[in-house]
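In: could you look at this predicted model? Sequence included:
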Amino acid sequence: MANMQYPRFKQCRRLGLNVCGHPKAMDRAHKGTSRSDKKLSNYGMQLLEKQRLRAYYGVMEKQFVKYVREAKKKKEQTGHALVKILESRLDNLVYRLGFASSIRQARQMVVHGHILLNGKKVDIPSYRVKTGDTISLKEKSQNVELFKENFYSNFLISYPYLDKDKNIFSGKYVRYPNRDEVPIEIDDQLVVEYYSKLI
């Protein structure tokens, strides 16, 4: 399975944005380390935003293009629809619910069968979660200290489109998020502009 395996902190410094969510990711960042520190053309700005959005969700280019094509068919603003699609991926929601400390760890948890969707094992990170679906930690996996620590330490971090249950290590995807509720610093319109001439 192809995935984006780059040095996380180096990638954040290059993109000029903490896309991995680690509190120390930008500690060594200084003027000149980011591509955004240089004068960019319109195309360069669009490319940078596209790479930032891909990095946030850890999605490969081929899959990302499919998401853009799907978002273009929606009746809402394409950029918002794209973010909504990305946000609905199983690995992302495992991360948002606090089971994992990063998207990479969330993807690994899904692949290794630690996550249940509506009580059934789903080991496909890109699986699209529907509203009303419940994501939970497999019973045996609830005894893994790392997963317990992640969930308890992140329990107070909440999102209006998710509902967590601390007692049974689960969370519900209540509704699709509004764009302003998704915690990513991206100008998604630039991403749409980047692909407008390509697809």
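Out: The structure has been received and is ready for your questions.
In: burial of residue 61, as a residue count?
Out: 12 (other Cβ atoms under 10 Å). The way it works is simple: take the backbone N, C-alpha and C, and place the C-beta from them, glycine included.
In: show me what the lengthiest helix in the chain is packed against.
Out: For the chain, the helix that runs over the most residues, judged by DSSP state H, is helix 42-57. On a contact count with 3 or more Cβ pairs under 8 Å, 6 or more residues apart in numbering; DSSP states H and E, helix 42-57 meets helix 8-15, helix 61-72, helix 78-87, helix 188-196.
In: what comes up buried for it?
Out: For helix 42-57, a neighbour-count test (16 or more other Cβ atoms under 10 Å) marks 45-57 as buried.
In: how far off helix 61-72 does it point, in degrees?
Out: Helix 42-57 runs at 100 degrees relative to helix 61-72, counting by axes from the mean of the first three to the mean of the last three Cα atoms, to 10 degrees.
In: am I right that residue 173 is in contact with residue 96?
Out: No - applying Cβ atoms under 8 Å, one finds residue 173 not in contact with residue 96, separated by 9.3 Å.
In: mind listing the shared neighbours of the two?
Out: Common contacts of residue 173 and residue 96 (Cβ atoms under 8 Å, 6 or more residues apart in numbering): residue 162.
In: how is this protein partitioned into domains?
Out: Here the domain assignment for the chain is 8-86+184-196, 89-175, based on automatic domain parsing.
In: dump those into CSV; add mean pLDDT as well.
Out: Formatted as CSV, these follow (pLDDT from 0 to 100):
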stretch, mean pLDDT
domain 8-86+184-196, 83
domain 89-175, 94
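In: skipping adjacent residues, who's closest to the residue nearest the centre of the chain in space?
Out: Nearest to the geometric centre of the chain sits residue 57, at 3.4 Å (Cα atoms, centre = their mean). Among residues not flanking residue 57 along the chain, residue 86 sits closest, at 4.7 Å (Cβ to Cβ, 6 or more residues apart in numbering).
In: neighbours around that neighbour, how many?
Out: 23.
In: just residue 70 next, same as before
Out: 14.
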